[in-house]
Every structure is written in structure tokens, then in C-alpha cells.
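**Q** Okay, structure incoming, though there's no sequence with it:
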């Protein structure tokens with residue numbers, strides 16, 4: 001039995017004063033209306049209406065039940081309105097997960113711009129190197145970086161853009177130890193390791209004018225699992241390290257870090273936006289997805305161009 005449907009019919013009958021009038025209001029037959037009310041009474045095992053050939057009247061139980069039905073149906077209407085509004089107006093809490101470097105360098109600035117446009121949205125951002133289960137952990141959207149295409153899944157994904165890994169060191173380190181002029185020269189330097197999923201922990205695959213070169217990392221005295229911590233180690237002059245351009249773009253532009261072997265870069269890192277479903281997408285999620293597709297893609301292109309400019313400034317041999 002569809003209890004909610006029968007409650008609506010009962011209310012219509014009580015307010016209209018007859019089965020015939022209720023049937024006309026609901027565009028159905030009198031028999032259907034009568035059967036629905038009888039079904040509801042059988043379910044409740046209570047008579048709700050006294051019927052005569054001329055009129056109907058609520059029983060005492062029917063009067064009480066009518067008031068309850070009105071309150072319940074008002075709550076249902078309010079819930080439906082609130083739910084449908086969620087598909088029309090961005091509002092509420094948006095839960096976002098991002099890899100640390102992407103989050104600090106792109107997502108946080110994007111949130112500031114997004115909330116200017118949609119002030120009714122609160123953003124709960126989690127930064128970590130782990131890849132979460134969106135549904136199990138309750139995230140609406142995640143940003144991921146990978147050197148390979150995302151595996152097939154039930155999630156929807158958008159490719160936002162590409163960044164590359166680069167080798168960097170501080171000016172102080174290079175002044176003290178010299179600047180490598182070839183991939184082979186790296187063997188004479190302290191090479192720091194960052195242990196993140198997008199970079200192999202034991203080698204650097206360098207791509208340059210002479211093709212792809214592989215450099216096996218020697219044992220190092222320092223290894224860390226966060227790109228931003230690696231950037232700090234490089235600023236401290238601890239050695240040469242590989243990081244995504246998005247992590248070091250400001251430092252390279254400001255010359256507090258210098259590209260090492262700037263004619264080479266490491267493998268490309270693809271940045272993806274991932275969410276659960278296109279169907280009946282909440283307005284705040286839809287707005288965030290569309291906003292990031294444009295905002296992050298533009299920021300990535302600008303930063304890649306800025307890095308090229310920074311290489312030319314810092315590398316006297318670059319043309």
C-alpha cells in the first residue's frame with residue numbers, strides 16, 4: 001500500500017466533503033478514491049469517515065488523523081522544495097579532497113574566488129596524499145594527480161590540465177656545489193627523494209632534447225612524503241630535488257629556487273577532477289565542477305607559461 005498517496009487522497013476527501021468532489025480535484029474516478037480511503041482504514045483498522053448516501057463526516061479518530069496527515073504532508077512538501085532547491089541554488093557544505101600541492105596552490109585560491117560568486121556555499125577542504133573513497137568517506141569532489149590515465153570506475157572525471165616535474169635547488173646550494181651541466185653530473189650531487197605516488201622513489205626519468213634519460217637515485221640522507229616539505233628542504237640548501245612545477249612555480253619566478261638542467265623535465269602529471277555522478281547533481285557540486293574546469297585549467301596554463309619565462313631569465317644559455 002502507498003500510505004503517503006492514500007493520506008493525500010484522504011485529506012482531499014475530508015477537505016472537499018465528498019468522494020466525487022475529491023475525484024474531480026485529483027482527476028480520477030470516484031471508485032478509485034473510495035477504494036484508497038477504504039484501504040487506508042483497513043491498514044489503520046480504524047474508521048476515518050462516516051458515509052451516508054448524501055454526505056460524509058469525519059469520525060473522532062478521523063479528525064485526529066487528519067491533523068496528523070496535514071502536518072506530515074506539509075513536512076513532505078517542505079522537504080521536496082528544499083531538495084529541489086538544492087539542484088537550483090548553490091548552497092550548503094561542499095566537501096572537497098585534494099592532493100596537498102594542488103590544494104594549497106590551486107584549490108584554496110579557487111575556493112576564495114568561488115565563494116565570492118556563491119556566498120551561500122561553505123567549503124570543507126581536506127588535503128592529503130591519500131586517494132579517498134569518495135562515497136565511503138563522504139566527499140563531493142576530489143582532485144587527483146597521476147602520471148597515468150585514471151583507471152575506469154563508476155566516477156565521473158574531467159582532465160583539468162597537465163604539469164611537469166622539474167629539478168630544483170637553492171642558489172646557495174648551487175653556489176657551493178656547482179650546477180650540473182649534464183644528467184651524468186647529478187651523480188656528484190646530493191639528490192633528495194620525495195616519496196609521492198606520482199614520482200618513482202628510486203629514479204628520475206628526465207625528458208629533454210636528447211630524448212628520455214633515466215637517472216637512478218643514489219642513497220640519500222633525506223626523504224620526505226610531502227612536496228611542500230621537499231620545497232622547504234631545497235630552500236634550506238640540502239640538495240637537488242624533483243617537484244611538480246605547481247609546487248615551485250612561485251619560488252622559481254622569485255629566484256629563491258633555480259631550475260637544474262632546465263632543458264629537462266620529468267614525466268607529465270595529469271590533474272583530474274573526480275565526482276560521483278552526473279544525474280541529479282546538487283547545485284553546489286555542479287557549480288564547483290564547472291568553476292574548477294575553467295579556473296584551474298586557466299591557472300595551469302598561465303603557470304606553465306610563467307615557468308618557461310622563468311627558465312629564460314635564470315638560464316643564460318637559454319634562447
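**A** Nice, I can see it. Because the structure is a prediction, the values reported are computed rather than measured.

**Q** ranges for the helices of the stretch 201-319 of the chain?
**A** For the stretch 201-319 of the chain, the helices defined by DSSP state H, counting those that start in this stretch occupy 227-235, 245-253, 283-314.

**Q** what's the most buried one of these?
**A** helix 245-253 (a mean of 22; mean count of other Cβ atoms under 10 Å). (Glycine included, C-beta is placed from N, CA and C.)

**Q** Residue 50: which of the helices of the stretch 201-319 of the chain is closest?
**A** helix 283-314 (48.1 Å; Cβ to Cβ).

**Q** gap between residue 157 and residue 51?
**A** Counting by Cβ to Cβ, to the nearest Å, the gap from residue 157 to residue 51 is 60 Å.

**Q** re the thing from before, mean pLDDT and distance to residue 15 for the helices of the stretch 201-319 of the chain - can I get that in a markdown table?
**A** Converted to a markdown table, the helices of the stretch 201-319 of the chain look like this (pLDDT from 0 to 100; distance: least, Cβ to Cβ, whole Å):
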| stretch | mean pLDDT | distance to residue 15 |
| --- | --- | --- |
| helix 227-235 | 91 | 65 |
| helix 245-253 | 84 | 63 |
| helix 283-314 | 76 | 34 |
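
**Q** More neighbours: which of residue 157 and residue 51?
**A** Taking neighbours as other Cβ atoms under 10 Å, residue 157 and residue 51 compare with residue 157 leading, 17 against 14.

**Q** now the helices of the stretch 201-319 of the chain in a markdown table, with distance to residue 150?
**A** As requested, those are exported to a markdown table (distance: least, Cβ to Cβ, whole Å):
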| stretch | distance to residue 150 |
| --- | --- |
| helix 227-235 | 20 |
| helix 245-253 | 18 |
| helix 283-314 | 16 |
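
**Q** quick one, which of those helices is nearest to residue 9?
**A** Per Cβ to Cβ, nearest to residue 9 of those: helix 283-314, 32.9 Å.

**Q** Packing partners of the closest one?
**A** The helices and strands touching helix 283-314, judged by 3 or more Cβ pairs under 8 Å, 6 or more residues apart in numbering; DSSP states H and E, are strand 92-98, helix 108-117, strand 121-127, strand 141-146, strand 156-169, helix 245-253, strand 258-260, strand 268-275.

**Q** Identify whichever of the ones you listed lies nearest to residue 303.
**A** Closest among those, using Cβ to Cβ: helix 245-253, at 4.9 Å.

**Q** Skipping its backbone neighbours, what lies nearest residue 291 in space?
**A** residue 114 (5.3 Å; Cβ to Cβ, 6 or more residues apart in numbering).

**Q** ok, now which ones touch residue 166?
**A** Taking Cβ atoms under 8 Å, 6 or more residues apart in numbering, we find residue 166 in contact with 242, 243, 244, 245, 248, 252, 259, 262, 265, 266, 307.

**Q** What is the burial count for the second one?
**A** Residues lying near residue 243 (other Cβ under 10 Å) number 25.

**Q** That one contacts residue 165, doesn't it?
**A** Yes: Residue 243 lies in contact with residue 165 (Cβ atoms under 8 Å); the separation is 6.6 Å.

**Q** mind pulling up the phi and psi values for residue 119?
**A** The phi/psi pair for residue 119 (degrees, to the nearest 10) reads phi -70, psi -10.

**Q** Where does pLDDT dip in the stretch 151-300 of the chain?
**A** Judged against pLDDT under 70, the low-scoring parts of the stretch 151-300 of the chain cover residues 151-153, 197-199, 278-280.

**Q** how close does residue 155 get to residue 297?
**A** Residue 155 is 19 Å from residue 297, by Cβ to Cβ.

**Q** Residue 122 is in contact with the residue nearest to residue 291, correct?
**A** No: judged on Cβ under 8 Å, residue 114 makes no contact with residue 122 at a distance of 11.2 Å.

**Q** Tell me which of the two has more neighbours.
**A** Using other Cβ under 10 Å, the more surrounded residue of residue 114 and residue 122 is residue 114, with 21 against 12.

**Q** And the pLDDT at the more buried one?
**A** For residue 114, the pLDDT comes out at 94.

**Q** Also residue 85?
**A** So, for residue 85, pLDDT stands at 54.

**Q** Ok, residue 127 next?
**A** At residue 127, pLDDT is 90.

**Q** I'd like to know how far the closest residue to it other than its chain neighbours sits from residue 275.
**A** Closest residue to residue 127 apart from its sequence neighbours, by Cβ to Cβ, 6+ apart: residue 103 at 4.1 Å. Distance, residue 103 to residue 275, using Cβ to Cβ: 16 Å.
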